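# When you get a sec, could you give me coordinates for this:
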Amino acid sequence: MTSLRFVARLSPALTALALLVATGCASSLTVASQLAPGASLHSYRTFAFFDAAAGGTGSLDPANRPFLEAQLRERLVARGFVFGTDAPDLVVRYTALSDDFDAHSRLGYMDDGKGWETGFGAGVDMVKPYKKGSLVIDLLDARTHKLIWRGTAEGAARPGTDARDKVKEALGQMFHDFPPG
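You can find the predicted model right below:
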């Protein structure tokens with residue numbers, strides 16, 4: 001009987017902990033894209049990448065550039081664009097930034113004699129490391145250098161999350177209805 005009371009009292013704490021763990025492992029991703037006012041992508045057929053040596057890639061590790069460019073190339077070619085011409089219609093420029101941060105939370109429970117309750121009493125401070133990143137993809141008119149389309153993604157992920165999977169997910173959402181209009 002005593003063990004059943006303990007389990008009954010402990011159950012809300014375990015439920016709350018399970019929810020905290022489940023939401024703490026989830027990562028958020030916000031993705032948006034926008035066509036410049038009055039612009040249309042229908043007249044563009046070819047593309048090339050902006051010269052990364054000229055800058056504009058943010059804190060993207062040079063070792064990850066081939067992966068990102070391959071992902072972008074795959075999505076654009078799948079939509080009828082041709083890569084690698086000497087005189088492209090579009091220039092693809094990308095910027096990636098990331099930063100480490102800690103999420104602080106406090107999990108506290110106390111026994112008030114009726115069961116486990118949340119409260120400001122004893123508790124455990126929890127610190128969870130995250131990496132927050134932003135990815136910006138710009139399509140520029142190669143002749144005028146005007147921005148035609150921009151896609152953005154921002155998200156946070158726990159350590160151990162495969163960053164490449166997050167990039168694929170972000171690009172998948174970004175290019176879902178591409179080209180617009």
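# drop to CA atoms for contacts and neighbour counts, all remaining ones
Fine.
# For this structure, which segments are assigned as strands?
Counting by DSSP state E, the chain has strands at residues 28-35, 46-49, 82-83, 90-111, 116-141, 147-157.
# which stretch among the ones you listed comes nearest residue 76?
Closest approach to residue 76 among the strands of the chain is made by strand 82-83 (7.7 Å; Cα to Cα).
# before we move on, back to that, output the strands of the chain as CSV; include the columns distance to residue 168.
CSV is the format used below for those (distance: least, Cα to Cα, whole Å):
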stretch, distance to residue 168
strand 28-35, 12
strand 46-49, 18
strand 82-83, 19
strand 90-111, 14
strand 116-141, 11
strand 147-157, 11
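# Make CSV out of these and add mean pLDDT, distance to residue 71 and mean neighbour count.
Below are these laid out as CSV (pLDDT from 0 to 100; distance: least, Cα to Cα, whole Å; neighbours: other Cα atoms under 10 Å):
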stretch, mean pLDDT, distance to residue 71, mean neighbour count
strand 28-35, 92, 16, 16
strand 46-49, 95, 12, 21
strand 82-83, 96, 12, 17
strand 90-111, 74, 12, 16
strand 116-141, 74, 12, 16
strand 147-157, 91, 14, 20
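# Let me know which of these is the nearest to residue 169.
Smallest distance to residue 169 across these (Cα to Cα): 8.8 Å, for strand 28-35.
# Direction included, what does that closest one pair against?
strand 147-157 (antiparallel) (DSSP bridges).
# Which residues does the strand it pairs with contact?
26-36, 39-41, 130-141, 170, 174 (Cα atoms under 8 Å, 6 or more residues apart in numbering).
# For residue 136, which non-adjacent residue is spatially closest?
Once flanking residues are discounted, residue 136 sits nearest to residue 152: 4.5 Å by Cα to Cα, 6 or more residues apart in numbering.
# Ok, which of the strands of the chain comes nearest residue 63?
Using Cα to Cα, those put strand 90-111 closest to residue 63, at 12.9 Å.
# Nearest residue to residue 153 in space, please, no chain neighbours.
residue 31 (4.3 Å).
# Hmm, that neighbour is touching residue 174, no?
Yes. Contact criterion Cα atoms under 8 Å: residue 31 and residue 174 qualify, at 6.2 Å.
# residue contacts, residue 99?
Counted by Cα under 8 Å, 6+ apart, residue 99 has contacts 131-133.
# Distance to residue 100 added to these, as CSV?
Listed next are these as CSV, based on distance: Cα to Cα, whole Å:
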residue, distance to residue 100
131, 4
132, 6
133, 9
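# Distance check, the closest residue in space to residue 84 that isn't next to it in sequence against residue 82.
Distances taken as Cα to Cα, 6+ apart put residue 48 closest to residue 84, at 5.4 Å, once the chain neighbours are dropped. Using Cα to Cα, to the nearest Å, residue 48 is found at 9 Å from residue 82.
# again with residue 45
Distance from residue 45 to residue 82, by Cα to Cα: 6 Å.
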